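Novice: Sequence plus the predicted model coming up.
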Amino acid sequence: DVKVTQSSRYLVKRTGEKVFLECVQDMDHENMFWYRQDPGLGLRLIYFSYDVKMKEKGDIPEGYSVSREKKERFSLILESASTNQTSMYLCASSLTAPTGELFFGEGSRLTVL
Amino acid sequence: DQQVKQNSPSLSVQEGRISILNCDYTNSMFDYFLWYKKYPAEGPTFLISISSIKDKNEDGRFTVFLNKSAKHLSLHIVPSQPGDSAVYFCAASPYNNNDMRFGAGTRLTVKP
């Protein structure tokens, strides 16, 4: 069965802390994505990766970075967390196009105090 | 600027009736459209999709309609069931490209 696993369901961090959100998929998918979900704004794409060590900026990359050292793992990094990064973070993976349905993890709810 | 728009934040229907959820998009490069369903505390799950070469795709109680000239798609659920109560996201991507964009979502409530 298809599985995307996010390491932490709930995190509470302080302003200025470095935050790592980990995501692992077991489907051998080429593509991996990080979205954040906020009320009234839906899912907004932060970064995506279509291959190991490759990354592309999405709509809202500011304040975030990513790492993809292995095909199955895609990490989202907040170098210095801020309160406006309090959100639900969703990781997803997909096969390469032409039509790649996204498979999502359960999400990581981050609160920055 | 959101490229995919769901202008109705919520919709309430009676069990057994039809639910119609709407979605508009602005990017003419979009060729593949999907609907996802999300329950609280879970990730979104894929529901149904349609490519731009079609104007309708049906899967059981769920039908998606695409009007390319109007840049509009809709999801019809017939008959609606209480278990359909969830947030529904519309998504779109260019063909042969996994850069997928989502709308803000519509919360559907189906009343018994």
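Specialist: In hand now; what should we look at?
Novice: Would you mind listing what in chain B touches chain A?
Specialist: Counting by Cβ under 8 Å from any Cβ of the partner chain, the residues of chain B close to chain A are B:2, B:4, B:6, B:9, B:32, B:34, B:36, B:41-46, B:49, B:51, B:89, B:91, B:93, B:95-105. The C-beta positions use only the backbone N, C-alpha and C, and glycine is treated the same way.
Novice: can you do 7 Å?
Specialist: Contact residues (Cβ under 7 Å from any Cβ of the partner chain) of chain B with chain A: B:32, B:34, B:42-44, B:46, B:49, B:51, B:89, B:95-105.
Novice: Would you mind writing the PyMOL command to select the buried ones in these?
Specialist: Provided next is the PyMOL selection string for whichever of these are buried by 16 or more other Cβ atoms under 10 Å in any protein chain shown:
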select buried, chain B and resi 32+34+43+44+49+89+97+98+99+100+101+102+103+104+105
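Novice: In strands, which of the residues of chain B next to chain A fall?
Specialist: B:32, B:34, B:46, B:49, B:51, B:89, B:101-102 (DSSP state E).
Novice: Find me the pLDDT at residue 6, would you?
Specialist: In the absence of a named chain, this looks at chain A. Predicted confidence (pLDDT) for A:Q6: 96.
Novice: wait, I meant chain B there
Specialist: The per-residue pLDDT reported for B:Q6 equals 95.
Novice: Look up the closest residue to whichever residue of chain A sits closest to chain B, ignoring the ones flanking it.
Specialist: Nearest residue of chain A to chain B: A:F104, at 3.2 Å (Cβ to the nearest Cβ). Spatial nearest neighbour of A:F104, chain neighbours left out: B:G43 (3.2 Å); criterion: Cβ to Cβ, 6 or more residues apart in numbering or on different chains.
Novice: same thing with A:R68?
Specialist: In this structure, A:R68 finds its nearest non-sequential neighbour in A:S49, 4.5 Å apart by Cβ to Cβ, 6+ apart.
Novice: ok, back up a step: what sits against the residue of chain A closest to chain B?
Specialist: Residues in contact with A:F104 (Cβ atoms under 7 Å, 6 or more residues apart in numbering or on different chains) are A:4, A:90, A:92, B:43-44.
Novice: mind running it again at 8 Å?
Specialist: Neighbour list for A:F104: A:4, A:90-92, B:36, B:43-45 [criterion: Cβ atoms under 8 Å, 6 or more residues apart in numbering or on different chains].
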